[in-house]
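# Got a sequence here, can you build the structure:
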Amino acid sequence: MKVRIIEMPLDYGASRRGADMGPSAIRLAGLRDKLTQLGIESDDLYPPIQVPPQEYIDPATEISHEKAKHLGPILECCGQLASHAESILRAGDFPLILGGDHSISLGSLAGISAAHAAANRSFGVLWVDAHGDFNTTQTTLSGNIHGMILAASCGYGIPELTDFYNPVRKIDPSNVCYVGVRDLDPKERTLMREAGVHVFTISDIDRLGISQTCEEITHFFRERVDTIHVSFDIDAIDPRFAPGVGIEVPGGLSYREVLFLMEELAETKMVTSADMVEVNPIHDVRNATAKMAVDLIGRLLGEKIF
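Next up is the predicted model:
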């Protein structure tokens, strides 16, 4: 397996700035060395996707929507990402996408969906996140697109997002599994229930323990799909351990729990693509959160303690 790294330095989807520096922080935290130690061939098939700073964008020229901020630049950049992700998967390689805020997954899921559809493979999505990202322009409280991406990919929302890249639903919501959720908007929660996504909240993990939770997650995917895409928002981890995030939500997963989760996913041999998003160096301490991201990627790709 060859890992193809795509850097997507985009922070248009969130209110808090700084996630655009996440890919560089992860790279500087030793990602390449980690992959080399694991014997994994890797390269940056593409240079980092060029994202103009927000200050350089004239709002008068943007494709806009009153309840979807910075729609135009997000669509443009995610179009490039979708094309890259699709071509990598079609070549039989592993796209590893470094964000950026979670709006980048609009591109990830579009490209991955297209590649799997062409190969007649079913796929599921594990959304590791404190949040649902299942709002639409009808339910959003902020207008931030990073909170709408999974809903749009499941076919809910404005046509500019749901029909992005290909005018089809990117992922069947019944093949979506959340873990670590602890902060949902009221109408977002209702839409998630209507859509039929599977959810393991932080309270579920407290009840079940991380071992049984992981067993149920892996069983969920083995029963339904051929492959898994992991989209990991670093704010799933409790901010005591991972301070360098876009939105801190107390009461999250421990560092040990997420390492265990990644190891269990690696054991399935079903993971064929991944996002690592929302690392925000502005709020980090000595790049500790980016180093955690590197360790998580290592475990997902097969690293073991012994």
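
# quick one: Phe241 from Lys291, how far?
Counting by Cβ to Cβ, to the nearest Å, the separation of Phe241 from Lys291 is 11 Å. Every C-beta, even on glycine, is put in place using the N, C-alpha and C of the backbone.

# These two: which is more packed in?
Shown here are Phe241 and Lys291; by other Cβ atoms under 10 Å, Lys291 has more neighbours (21 against 17).

# ok, now which ones touch the residue lying closest to that one once chain neighbours are set aside?
Sequence neighbours aside, Ala29 is the residue nearest to Lys291 in space, at 4.5 Å (criterion: Cβ to Cβ, 6 or more residues apart in numbering). Contacts of Ala29 were listed using Cβ atoms under 8 Å, 6 or more residues apart in numbering, and they are Asn287, Ala290, Lys291, Ala293, Val294.

# Identify all contacting residues around stretch 281-298.
Residues outside stretch 281-298 that contact it (Cβ under 8 Å, 6+ apart): 17-18, 21-22, 24-26, 28-31, 34-35, 37-38, 96, 232, 234, 237, 241-245, 248, 255, 258-259, 262, 274, 276, 279-280, 303.

# related to what we said a few turns ago, closest one to Thr190 out of the contacts of Ala29, please.
Closest to Thr190 out of the contacts of Ala29 is Ala293 (32.0 Å), distances taken as Cβ to Cβ.

# how about low-confidence regions in the protein?
Low-confidence segments of the chain (pLDDT under 70): 45, 55-65.

# Which stretches in it count as helices?
For the chain, applying DSSP state H gives helices covering 22-28, 31-37, 71-90, 105-118, 149-153, 159-162, 186-195, 202-208, 210-222, 255-268, 288-300.

# got a markdown table for those helices, with distance to Val176 too?
Formatted as a markdown table, the helices of the chain follow (distance: least, Cβ to Cβ, whole Å):
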| stretch | distance to Val176 |
| --- | --- |
| helix 22-28 | 23 |
| helix 31-37 | 27 |
| helix 71-90 | 18 |
| helix 105-118 | 10 |
| helix 149-153 | 7 |
| helix 159-162 | 15 |
| helix 186-195 | 8 |
| helix 202-208 | 16 |
| helix 210-222 | 10 |
| helix 255-268 | 15 |
| helix 288-300 | 18 |
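
# Go through these and name the closest to Gly124.
Nearest to Gly124, of all the helices of the chain, is helix 210-222, at 5.0 Å by Cβ to Cβ.

# got the CA coordinates for the closest one in CSV?
Extracted in CSV, the C-alpha atoms of helix 210-222 (Å, rounded to 0.1, in the frame of the first residue of the first chain):
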residue,chain,number,x,y,z
ILE,A,210,-14.1,1.7,24.8
SER,A,211,-13.4,-2.0,24.1
GLN,A,212,-17.1,-2.9,23.6
THR,A,213,-17.7,0.3,21.7
CYS,A,214,-15.0,-0.5,19.2
GLU,A,215,-16.3,-4.1,18.9
GLU,A,216,-19.8,-2.7,18.0
ILE,A,217,-18.3,-0.2,15.6
THR,A,218,-16.3,-2.8,13.7
HIS,A,219,-19.3,-5.2,13.7
PHE,A,220,-21.4,-2.4,12.3
PHE,A,221,-19.2,-1.9,9.3
ARG,A,222,-18.4,-5.6,8.6
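
# Which of the contacts of stretch 281-298 are buried? Put it as a ChimeraX command.
Buried subset of the contacts of stretch 281-298, written as a ChimeraX selection, criterion 16 or more other Cβ atoms under 10 Å:
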select :18,21,22,24,25,26,29,30,31,34,35,96,232,234,237,241,242,244,245,248,255,258,259,262,274,276,279,280,303
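
# and the nearest residue to His131 once chain neighbours are set aside, how many residues sit next to it?
Nearest residue to His131, sequence neighbours excluded (Cβ to Cβ, 6+ apart): Asp183, at 5.4 Å. Look at Asp183: counted by other Cβ under 10 Å, it has 17 neighbours.

# That concludes my questions; thank you for your assistance.
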